[in-house]
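Asker: whatever this is, show me its structure:
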Amino acid sequence: MMSVRSRIIGAALISAMSSAAAAEDFVKGVYLQSEELCAQAKKESIQAVIEGGNVLLTARGIEGLEYNCEFLQVTKANRAPAWLVQAICQEPGYVFPDVLSLTQMSPTQIDVVSVAGAGDEATPSNTASYVFCEGVAAP
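Answerer: Residues are numbered from 1 along each chain as shown. Have a look, this model is predicted:
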């Protein structure tokens, strides 16, 4: 008979393996909210785009000048090119949890839908479409 400790260790290993598998095909590279922003990042720098009030999407999360959402746990959907992500988001003086869905709409587009702020204009929302920026590196 398996001990409680063995079951806990086994569950932790299964969870770690499924997180690793989900991470293997998760967001690769840098995504911005338009092709024009990608062109600007290539021409000037990604930092210039961020300083202009924009955010970027990477496997680490959503990042801006005074705003970020750190992705904590990623779960891949079985029947869709999508992931469910738990995140902690923060801006000056405000920290909140969020649950997001990231859906690969095409090889170059990811749509993000956020639970936080849904229907409440006072609460920040991470819902947006992002395009892949080939040749742009994360800061």
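Asker: any stretches of this protein with poor pLDDT?
Answerer: For the chain, applying pLDDT under 70 flags the ranges 1-24, 117-124.
Asker: any idea which strand is longest in it?
Answerer: Using DSSP state E to define each element, the chain has its longest strand at strand 94-106.
Asker: what strands line up against that strand, and which way round?
Answerer: The pairing partners recorded for strand 94-106 under DSSP bridges are strand 82-91 (antiparallel), strand 109-114 (antiparallel).
Asker: now do the same contact list for Gln47.
Answerer: Pro139 (Cβ atoms under 8 Å, 6 or more residues apart in numbering). Backbone N, C-alpha and C define where each C-beta goes, glycine included.
Asker: before we move on, which element is it in?
Answerer: helix 46-51 (DSSP states H and E).
Asker: can you name the next helix or strand after that helix?
Answerer: Of the helices and strands lying after helix 46-51 in sequence (DSSP H and E), the nearest is strand 56-58.
Asker: which residues are contacting that following strand?
Answerer: Residues contacting strand 56-58 (Cβ under 8 Å, 6+ apart): 27, 29-32, 46, 49-50, 62-64, 110, 112, 130, 138.
Asker: Pro92: which of those is nearest?
Answerer: Gly64 (11.4 Å; Cβ to Cβ).
Asker: and for that closest one, nearest residue in space, chain neighbours not counted?
Answerer: Val55 (3.9 Å; Cβ to Cβ, 6 or more residues apart in numbering).
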